[in-house]
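Chemist: Got a sequence here, can you model it:
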Amino acid sequence: MSNHTTVTTFLLLGFPSVHHQEYLIAITFLASYAAILVGNLLIIALIFSDRDLYRPMYFFLCNLSSLEIFITTSIIPKAVGSLLMSSKTISYQACMTQCYFYSLLGSIEFILLAVMSYDRYAAICYPLQYPMLMNSRLCLQLLLGSWCAGFLFTIVPTVLVVRLPFCSANHIDHFFCDSMLLIKLSCAETQTVELVSFMTSFIILFGSLIMTAVSYLYIIKTILRLPSTSSRNKAFSTCSSHFTIVILGYGSCIFLYVRPSIQCVSYNKAVALINTLVTPLMSPFIFSLRNQQMKDALKITFFSSG
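Modeler: Below is the predicted model of the structure:
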């Protein structure tokens, strides 16, 4: 690589079409990032402080909130710095590191969403056996399996991207180091790297999506068989928040990554904003406002003294 790579820094163009509004965009990013940190840390704190929330569903939710924080932190601070400063450069090493951790954490998140759908399937379809099915040992194994699978699926395409030579082009028309855009900048043949990246993204996204869809098909089938309307509404309410996050997450990432070529950079940036800012920002509100146990925990935490 040292014989071919002459690029030592990349230039993050960010939002050149609205250059005069970069300070406003930076403030919006910073405010959203602060809200994401506060909201997801509050979810984590509530789950740790309330023993009624010591259940598999909230164990996975706690880890999902942690991933939301890590993913946003891997992107937004650097993006804000690039928007506020005249220098928009990022070093080669930092760019590759950002690319890897964004891909790794995103892959783990989708696998974890599939795990959470299985948890809801077990809770609704097998309520009597649920405590034995989803014991603490299995929950820990599923979490570790999510991290291991995410690592295995992202390490190969990342290594292939790192090994690509970059001769002169170093302008990335994005607000972070996106792997597909890095591949386009290489001065070597990239068909193999593109194919591997496409296939790994396809397997992660559609593999976890199929698992989630199958789980929800059985969930819906079971709920419709419940005798009373109140029972059906209660069962649906336990899945609605997770299902909303699934739609937001899968919709944006399928648009971004499961395509053989880059089509419209502006649309890519808009959808990437949904994935890196909107979904992590909405997630705490969706899980806290649409979940009765989370609302009860919030009331106890903030109003018990009154």
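
Chemist: how close does Leu195 sit to Pro157?
Modeler: 10 Å (C-beta to C-beta, to the nearest Å). For the C-beta atoms, the positions are set from N, CA and C on the backbone; glycine is no exception.

Chemist: neighbour-wise, which of those two wins?
Modeler: Applying other C-beta atoms under 10 Å to Leu195 and Pro157 shows that Pro157 carries more neighbours, namely 23 against 13.

Chemist: Checking my notes, the more buried one in a strand, right?
Modeler: No - under the criterion used here (DSSP: H, G, I helix; E, B strand; the rest coil), Pro157 is helix, not part of a strand.

Chemist: those helices in the stretch 201-306 of the chain, which residues are they?
Modeler: Listed in chain order, the helices of the stretch 201-306 of the chain (DSSP state H, counting those that start in this stretch) span 229-257, 265-273, 279-289, 292-303.

Chemist: Among those, which one carries the weakest average confidence?
Modeler: With a mean of 66, helix 292-303 has the lowest mean pLDDT of these.

Chemist: Can you pull the poorly scored residue ranges out of the stretch 1-150 of the chain?
Modeler: By pLDDT under 70, the weakly predicted segments of the stretch 1-150 of the chain are 1-5, 17-19.

Chemist: The host helix or strand of Ala45 packs against which elements?
Modeler: In this structure, Ala45 sits in helix 22-49 according to DSSP states H and E. Helix 22-49 is packed against helix 56-84, helix 279-289, helix 292-303, with contacts defined by 3 or more C-beta pairs under 8 Å, 6 or more residues apart in numbering; DSSP states H and E.

Chemist: Specify the angle between the second one and helix 22-49 in degrees.
Modeler: If you take axes from the mean of the first three to the mean of the last three C-alpha atoms, to 10 degrees, helix 279-289 sits at 40 degrees to helix 22-49.

Chemist: And helix 279-289, what does it pack against?
Modeler: For helix 279-289, the helices and strands in contact under the criterion 3+ C-beta pairs under 8 Å, 6+ apart are helix 22-49, helix 56-84, helix 229-257, helix 292-303.

Chemist: buried set for the first one?
Modeler: Same thing as helix 22-49. Neighbour-count burial for helix 22-49, counted by 16 or more other C-beta atoms under 10 Å, picks out 22, 25-26, 29-30, 32-33, 36-37, 39-40, 42-44, 46-47.

Chemist: The second one now?
Modeler: Of the residues in helix 56-84, those buried by neighbour count under the rule 16+ other C-beta under 10 Å are 56-65, 67-76, 78-80, 82-83.

Chemist: elements contacting that helix?
Modeler: With contacts defined as 3+ C-beta pairs under 8 Å, 6+ apart, the packing partners of helix 56-84 are strand 9-12, helix 22-49, helix 92-125, helix 136-162, helix 279-289.

Chemist: Would you reformat these as a markdown table and include distance to Cys177?
Modeler: Supplementary listing: the helices and strands packed on helix 56-84 in a markdown table, determined by distance: least, C-beta to C-beta, whole Å:
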| stretch | distance to Cys177 |
| --- | --- |
| strand 9-12 | 7 |
| helix 22-49 | 16 |
| helix 92-125 | 4 |
| helix 136-162 | 10 |
| helix 279-289 | 19 |
